[in-house]
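>>> My questions are about this predicted structure, shown below with the sequence.
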Amino acid sequence: MTKEKLWTKDFVFVSIVNFVLMLSMYLLLVTMATYSMETYGASVSLGGLVASIFVIGSLIGRLFSGKKIQETGSKKILIIGSSLFLFLTFFYFFPIGIYPLIILRLLQGICLGMATTATGTIVAQVIPPTRNGEGIGYFSMSVVLATAIGPLIGVALVASSGYSSIFVFSLVMAVISFLLGLMVKVPMVQEPVETESKGFKLSNFFELNALPVSIAMFVAAFAYSGILSFITGYAADIDLVEAGSFYFLVYAVIILLTRPITGPLMDRKGGNSVAYPGLLLFAIGMLVLSQATTGWALLLAAAIIGLGYGNFQSTAQALAIKVTPKHRMGLANSTYFIGLDLGLGVGPFVLGYLVPISGYRGMYVTLTGLVIVGLMVYYFAHGRKDKGLLQAHTAVARE
C-alpha cells in the first residue's frame, strides 16, 4: 500500500507561515523589555509587561478564533490575522510611547493567536489521516525552530544594527506570512447541521474532546516555562553562561533529529508510545539540569529534555486533533494552544515566587516532581483510552 502524500504545496506553505510568524514573536519577545526600558525609560516590571502581554493577547486570539474558524473558515481567519499583524508591525517604527506600545503588543498578540490557530487547523486538514502524527510532528518543528532561532536573531540584530533592524525583520516576516497565506488552498470540510443555541456554552469556546490532553499539556508546559524563563539566570548562577547560550540550539537539534522517528511511531503504535517515554525523559532531563555542575551536564539535560518535552508537545497536539471531529478542528487547536500558552504564561509568574525560597536548583527538582504528576494526569486524561483510539483509527483506515 502506497503512502498518502504529506509534503504538498499547502503543507509546506502553511508550515512556513507558522514558522515566520512564530519567529517574529520570539525575536520580539526577548528584545522588547530592554527596548522599552532604553527607549521609553520603563521600569523593569513595566518592561516585562511590554514583552509578556503579547502572550496574553495570543491567548485571547486563540480563545475566540477557534469558534470563528468553525463559522467562517480557517483561511479567512488566517488572512485576517496575518494582514492585521502586518499592519500593526508598522507602528513599531514610530515613537508612540510606553502605554500605546503595551496596547500595540496586546493587539498584535491577538492577531498572532488568530493566525497561528488557523495555521494549526489548516495543517490538520491537509495532512492525510494515516500520517497525522508524522505531519503534526514536522509542522510543530516550525515552532521549535522559531523558539531556538528567534532569540538568537533578535539579540544579534540589536547588537549589530540597533532596534530598528528587528522591526524591519519582523515586517519582512509579516509580509511573507501574508503572501504565502494567500496562496494556501484549504479543503472543504462538511459540517453537520446544528441547531443554533443561545447563551454561553463551554463547547462554543473549547473542544471538550481535546480538553483532557490539553490539560496534560498545560502541566508539562508549566514545568517547561521554568526553563524558558530562568535558564539564563540559572546558567549565570552556576557559572555556566557559555554552555547556557547553546542550550536552545542543542534542544532544537535533538528535536530535528528525532521528529522523523517519533511522528511515524505515533501513527503506527499510538500516542502512548511517544507520550509516556517523552514525559519520563522530560523528568530525567529536569533532574539532570537541577544537578548540573559542568557545561556538558547542562547540554546533556537540554538534549534529554528536547527528546522528552519536545516530542510530547507535538504528540499532544496530534492527539487533540485525532480525538476531534473534522469540523471542530479549529476549536481543537485553539483548546490545545490555550493549554500550552497558559502553562508557559502562568508558570514564570508562580515560579518567580519559588526561586527566592528554593533557589534555581530547588525549583528544578520541584519541577521534576511536577512532570511526574503530569505523566499521571496524561494517563487519566488520555493514556488509558489511547489503545482503543488507535484500534478505531486503524479499522477506519482499512475500510
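Perfect, I can see it now.

>>> for stretch 245-258, which positions count as buried?
With burial defined by 16 or more other CB atoms under 10 Å, the residues of stretch 245-258 counted as buried are Y247, F248, V250, Y251, A252, V253, I254, I255, T258. For every residue, glycine as well, the C-beta is placed using N, CA and C.

>>> Can you flag which of the residues you listed belong to helices?
Y247, F248, V250, Y251, A252, V253, I254, I255, T258 (DSSP state H).

>>> These into JSON lines, with extra columns for distance to L370 and pLDDT?
Output for those, formatted as JSON lines (distance: CB to CB, whole Å; pLDDT from 0 to 100):
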{"residue": "Y247", "distance to L370": "20", "pLDDT": "88"}
{"residue": "F248", "distance to L370": "21", "pLDDT": "82"}
{"residue": "V250", "distance to L370": "23", "pLDDT": "90"}
{"residue": "Y251", "distance to L370": "19", "pLDDT": "88"}
{"residue": "A252", "distance to L370": "23", "pLDDT": "84"}
{"residue": "V253", "distance to L370": "26", "pLDDT": "88"}
{"residue": "I254", "distance to L370": "22", "pLDDT": "91"}
{"residue": "I255", "distance to L370": "21", "pLDDT": "87"}
{"residue": "T258", "distance to L370": "23", "pLDDT": "89"}
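
>>> would you list those in a markdown table and tack on distance to V323?
Converted to a markdown table, these look like this (distance: CB to CB, whole Å):
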| residue | distance to V323 |
| --- | --- |
| Y247 | 33 |
| F248 | 31 |
| V250 | 33 |
| Y251 | 28 |
| A252 | 28 |
| V253 | 31 |
| I254 | 28 |
| I255 | 24 |
| T258 | 24 |
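
>>> which of these lies closest to G109?
F248 (21.5 Å; CB to CB).

>>> Once you drop chain neighbours, what's closest to that closest one?
Leaving aside its sequence neighbours, F248 sits nearest to A148 (CB to CB, 6 or more residues apart in numbering; 4.4 Å).

>>> do the same with N272
The spatial neighbour of N272 that comes closest, neighbours along the chain excluded (CB to CB, 6+ apart), is D386 at 4.6 Å.

>>> residue contacts, the one you found?
Contacts were defined as CB atoms under 8 Å, 6 or more residues apart in numbering; by that measure D386 touches G270, G271, N272, A275, L319.

>>> at 7 Å instead, please
D386 is in contact with G270, G271, N272, counting by CB atoms under 7 Å, 6 or more residues apart in numbering.

>>> ok, now how distant is it from G135?
Between D386 and G135 the distance, using CB to CB, to the nearest Å, works out to 18 Å.

>>> Then T89?
30 Å.

>>> between those two, who's got more neighbours?
The neighbour comparison of T89 against G135 (other CB atoms under 10 Å) goes to G135, with 26 against 22.

>>> how much space between the closest residue to the more buried one other than its chain neighbours and V14?
Nearest in space to G135, with sequence neighbours left out and distances taken as CB to CB, 6+ apart, is I127 at 3.5 Å. Relative to V14, I127 is positioned 10 Å away (CB to CB).

>>> tell me, how many neighbours does F380 end up with?
By other CB under 10 Å, the burial measure for F380, its neighbour count, is 12.
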